[in-house]
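> generate coordinates for the sequence data below:
(chains A and B)
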Protein chains: 2
Amino acid sequence: MTQRQAEDETHPSSAELFTRAVALLTTQGDLRVWSVIISIFGDLALNRDDVITGALLTRLTTLMGLKPEAVRVALFRLRRDGWITSRKSGRSSAYRLTDMGFGETQAARARIYAPSLPEPESWQLLVSRPMVQAARAQDEKTLQEQGFHVVGPGIYLGASDLPAGDDFLAIDGQITRLPDWLRVSMPPEGLEQGFADLCARLRDLTSLLDGAPAALDATERATLRVLIVHHWRRLLLRQPDLPDRFFPDGWPGVACRARVMGLLEQLDRPSLASLQDSPG
Amino acid sequence: MTQRQAEDETHPSSAELFTRAVALLTTQGDLRVWSVIISIFGDLALNRDDVITGALLTRLTTLMGLKPEAVRVALFRLRRDGWITSRKSGRSSAYRLTDMGFGETQAARARIYAPSLPEPESWQLLVSRPMVQAARAQDEKTLQEQGFHVVGPGIYLGASDLPAGDDFLAIDGQITRLPDWLRVSMPPEGLEQGFADLCARLRDLTSLLDGAPAALDATERATLRVLIVHHWRRLLLRQPDLPDRFFPDGWPGVACRARVMGLLEQLDRPSLASLQDSPG
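Residues are numbered from 1 along each chain as shown, chains lettered A, B, ... in the order given. Below is the predicted model:
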């Protein structure tokens, strides 16, 4: 008899609650396993030296319904691509993020957990010299990597403290008008539907957990947190990193963010130590 | 014997000086007579109710070497186009600017006599929605009339207190970088050569008048002033109304402005009353 089953008998309603909660966050299927593992590190390994044991990874991914073989392949791939390193100690393995992996999750965390997006103190708008399409595409790539947003051909918007080349006309100040045509053009195709779907599922999850999260154990809370963060970040990081007013009225990303923040507060983050100490 | 000739005999060097000065300002030929007459009103008729007699117009235009028939045609044309009105009083005529004519000269005066171009406290940069060429051309026309400058397709720069439509992305602040490609693109074709030519003539005129303007009478001073203002405004008003830093390094309009201001100060403006009272 596993710990899981033992708990089911003492708290049957809690087990049912968790099963239904996980179902709400996995029925859309197609969880990319390597990406889920990054979400696990991103939500739980907050310090540079944090290590996650193979046992804990197995426990969490199993609760999400992922297959052990798929997890093994994903871990291999993440090691090969320089995201994580592993260390054997007897029969058990331990994983940690590489510098690159930690840097990436750290950078994304600033966006993922932000309860709201404050305006930068001031903005800069850059206008490039006239140029052919191919050269402009190169500029767009470079500037987007630096944190700028393309608002028209050869026109870039960013916080005023971002570095930019000398060859642009640059104005530094406040955005005083944000017309509808621009706000509608900001999010990429399909993102609105994605946020609306997630928002509906998170609304159901909120109702389901209403008053009940105390009944979930640390591993269950971690599992749900990771799934929420996973879905949220995969949509959020496709959206330009701009305050809400840059998006269309009623943009579902806004409601979605509120749901995510509310749920993550309810499902408070267990420490890695408490999770690793739990019986697997 | 005319007054002119009488003066030549008492002050031969003064007459010679004036002849050479006028030559410096008229040898390029092609003075458009109607435009010169507007320059006369612009420099001398500073008050809404100022009247210039036909006799004074004849005296000034004759000293510039313009033909009486050409002046008559120009006056007819200016009346027909709503710039001036005329009133007969016995055998003499008197001319004054219409409301439109006064408004236009008044508006131009602010630019023509400005010793330097201060930066507005802040600028606004507008970005229009994507649109077809024809619609953009219409926008450009409207916005240029409102005082904006086109800095790229669908991109407009103006002082931040100019009114602009709600359909633009607008940022309000300071211009922090003005790249060479933009400064070179600001002046229209041919303007640099025009300023350089005028600058050279004004330099010669400054040498010629050096220490001598006291020898010129009021009508002569008025004649030279009008010619200087005339050439200056015809170039200046083709240049975008922007501070010097928006133009290429060494832009001859800057040196030209300094010459114009120096000469207009030397050739201080006679009052209309003193000019009309002078014997014709």
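
> where does A:D166 land in three-state SS?
coil (DSSP: H, G, I helix; E, B strand; the rest coil).

> hmm, B:P179 and it touching each other?
Yes. The pair A:D166 / B:P179 is scored as a contact, 6.6 Å apart, by C-beta atoms under 8 Å. For every residue, glycine as well, the C-beta is placed using N, CA and C.

> so which of those two has more stuff around it?
Using other C-beta atoms under 10 Å in any protein chain shown, the more surrounded residue of A:D166 and B:P179 is B:P179, with 17 against 8.

> ok, so what distance separates the residue nearest to the more buried one when sequence neighbours are not counted from B:W181?
Leaving aside its sequence neighbours, B:P179 sits nearest to A:D167 (C-beta to C-beta, 6 or more residues apart in numbering or on different chains; 5.1 Å). A:D167 sits 7 Å away from B:W181, going by C-beta to C-beta, to the nearest Å.

> now for these two: what residues contact both?
A:R129 (C-beta atoms under 8 Å, 6 or more residues apart in numbering or on different chains).

> hang on, the earlier thing: need the contact list for the residue nearest to B:P179.
A:S128, A:R129, B:P179, B:W181.

> what's near enough to touch the last one?
For B:W181, the contact set (C-beta under 8 Å, 6+ apart) comprises A:R129, A:P130, A:D167.

> turn these into JSON lines, columns for pLDDT.
Shown next, in JSON lines, are those (pLDDT from 0 to 100):
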{"residue": "A:R129", "pLDDT": "95"}
{"residue": "A:P130", "pLDDT": "93"}
{"residue": "A:D167", "pLDDT": "95"}
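
> close to chain B: what parts of the stretch 1-150 of chain A are there?
A:S122, A:W123, A:Q124, A:L125, A:V127, A:R129, A:P130 (C-beta under 8 Å from any C-beta of the partner chain).

> which ChimeraX command selects the buried ones in the residues you listed?
Here is the ChimeraX selection string for the buried members of those, based on 16 or more other C-beta atoms under 10 Å in any protein chain shown:
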select /A:123,124,125,127,129
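
> just the residues of the stretch 1-150 of chain A next to chain B: which are in strands?
Of the positions in those, A:W123, A:Q124, A:L125, A:V127 sit in strands, assigned by DSSP state E.

> tell me the domain boundaries of chain A?
According to automatic domain parsing, chain A comprises the domains A:3-115+A:188-277, A:123-173.

> and of the ones you listed, who's closest to B:I52?
domain A:123-173 (44.9 Å; C-beta to C-beta).

> how far out from the middle of the chain is the closest one?
27 Å (C-alpha atoms, centre = their mean, to the nearest Å).

> start and end of it, how far apart?
End-to-end distance for domain A:123-173, by C-alpha to C-alpha, to the nearest Å: 5 Å.

> again, but for stretch A:173-184
23 Å.

> please apply the same query to stretch A:21-32.
Terminal-residue distance, stretch A:21-32 (C-alpha to C-alpha): 19 Å.

> pull the residues that contact it.
Contacts to stretch A:21-32, defined as C-beta under 8 Å, 6+ apart, come from residues A:63-66, A:197, A:201, A:204-205, A:208-209, A:223-224, A:227-228, A:230-231.

> what of stretch A:219-227?
Under C-beta under 8 Å, 6+ apart, the answer for stretch A:219-227 is A:14, A:18, A:21-22, A:25-26, A:36, A:39-40, A:43-44, A:59-60, A:63-64, A:205, A:213, A:216, A:263-264, A:267-270, A:275, A:278.

> re earlier: ok, which pair from the residues of the stretch 1-150 of chain A next to chain B is furthest apart?
Longest distance between any two of the residues of the stretch 1-150 of chain A next to chain B is 26.7 Å, between A:S122 and A:P130; criterion C-beta to C-beta.

> quick one, strands of the stretch 51-200 of chain A?
Applying DSSP state E, counting those that start in this stretch to the stretch 51-200 of chain A gives strands spanning A:52-53, A:84-89, A:92-97, A:123-127, A:149-152, A:155-159, A:169-177.

> chain center to the first one: distance?
Strand A:52-53 sits 20 Å away from the centroid of its parent chain (C-alpha atoms, centre = their mean).

> residues making contact with that strand?
A:I40, A:F41, A:L44, A:A45, A:S92, A:S93, A:A94, A:Y95, A:R96, A:L272, A:Q276.

> nearest to chain B among those?
For these, the closest approach to chain B (C-beta to the nearest C-beta) belongs to A:F41, at 38.5 Å.

> isn't that closest one up against A:T105?
Yes. Applying C-beta under 8 Å as the test, A:F41 and A:T105 come out as touching, 5.9 Å apart.

> what touches both of those two?
Common contacts of A:F41 and A:T105 (C-beta under 8 Å, 6+ apart): A:L97.

> how close does the residue lying closest to A:R96 once chain neighbours are set aside sit to A:V73?
Closest residue to A:R96 apart from its sequence neighbours, by C-beta to C-beta, 6+ apart: A:V51 at 4.8 Å. To A:V73, A:V51 is 21 Å away according to C-beta to C-beta.

> can you get me a residue count around A:L275?
22.

> helix, strand, or coil at it?
helix.

> that one is in contact with A:L56, isn't it?
Yes. Under the criterion of C-beta under 8 Å, A:L275 makes contact with A:L56 at 5.6 Å.

> look up how far chain B lies from A:I228.
34 Å (C-beta to the nearest C-beta, to the nearest Å).

> what's the helix or strand for that residue?
Following DSSP states H and E, one finds A:I228 within helix A:218-236.

> helix or strand next in line after that helix, which one?
In N-to-C order, the element after helix A:218-236 by DSSP H and E is helix A:252-266.

> report the angle between that following helix and helix A:218-236.
On the basis of axes from the mean of the first three to the mean of the last three C-alpha atoms, to 10 degrees, helix A:252-266 is oriented at 160 degrees to helix A:218-236.

> and helix A:252-266, what does it pack against?
Here helix A:252-266 touches helix A:191-209, helix A:218-236, going by 3 or more C-beta pairs under 8 Å, 6 or more residues apart in numbering or on different chains; DSSP states H and E.

> most packed of the strands of the stretch 51-200 of chain A?
strand A:123-127 (a mean of 23; mean count of other C-beta atoms under 10 Å in any protein chain shown).

> now for chain A, the helix or strand with the poorest mean pLDDT.
Taking mean pLDDT, DSSP states H and E as the measure, chain A has helix A:3-10 as its least confident helix or strand, at a mean of 46.

> now do the buried residues in the helix or strand just after that one.
Next helix or strand after helix A:3-10 toward the C-terminus (DSSP H and E): helix A:12-26. Neighbour counts over helix A:12-26 (16+ other C-beta under 10 Å) mark A:S14, A:A15, A:L17, A:F18, A:A21, A:V22, A:L24, A:L25, A:T26 as buried.

> which one among those residues gets closest to A:P188?
Using C-beta to C-beta, A:L25 comes nearest to A:P188 of the buried residues of helix A:12-26, at 23.0 Å.
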